[in-house]
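In: need a structure here:
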Amino acid sequence: MDLENHTRNVWIVLGTLSGLGMIVATIQTWAWFSKSGKEIIDLPTLGKFLLHFLGILSTVIFLVMAGVSVWWLIFFKKQYDSTFESKTSSQQNIFKILFIVSFILKTVDIIHLILRQTTIDIFFIDWERSKTG
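Out: Predicted coordinates for the structure are as follows:
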């Protein structure tokens, strides 16, 4: 099994799913934009698109790295000689970097979620009559 081919396939999957994530982020931003009542695309709209895209990108990176981890687990368990282990240091460094990037982006996404939920005002009306007497 050629590791460079595997690394290239991982980058292709990341690029493809990131492109799909950009489409999903565009749809989410368009839904937010239409609900906000704005007439032109402004800086908060672009920021909202960026935050949606970063959240989706972190999920994509995390899922691809989970698949790579399962693949490595299966491949290392079926291996009988140690010739493969010396070639994996660059792939492990790429894996570590992508995992750290995914964690940072997901942290930004969670902060965005918390800010979005704390800035919503909800007013509850008590429709029941009080029981007096």
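In: now Thr104: how far from Phe75?
Out: To be clear, residue 104 is Ile; Thr isn't right here. Using Cβ to Cβ, to the nearest Å, we find Ile104 at a distance of 28 Å from Phe75. Where C-beta positions appear, they are placed from N, C-alpha and C, glycine not excepted.
In: so what secondary structure elements neighbour the host helix or strand of Ile111?
Out: Using DSSP states H and E, Ile111 maps to helix 89-118. Applying 3 or more Cβ pairs under 8 Å, 6 or more residues apart in numbering; DSSP states H and E, one finds that helix 89-118 contacts helix 3-36, helix 43-78.
In: counting contacts, what elements does the last one pack onto?
Out: When contacts are defined as 3+ Cβ pairs under 8 Å, 6+ apart, helix 43-78 packs onto helix 3-36, helix 89-118.
In: in TSV: those helices, plus mean pLDDT, mean neighbour count and distance to Asp126.
Out: Output for these, formatted as TSV (pLDDT from 0 to 100; neighbours: other Cβ atoms under 10 Å; distance: least, Cβ to Cβ, whole Å):
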stretch	mean pLDDT	mean neighbour count	distance to Asp126
helix 3-36	92	14	27
helix 89-118	91	13	23
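In: reformat those helices as a markdown table; add distance to Gly47.
Out: Output for those, formatted as a markdown table (distance: least, Cβ to Cβ, whole Å):
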| stretch | distance to Gly47 |
| --- | --- |
| helix 3-36 | 10 |
| helix 89-118 | 10 |
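In: if anything else comes up later, I'll come back, but that's it for now.
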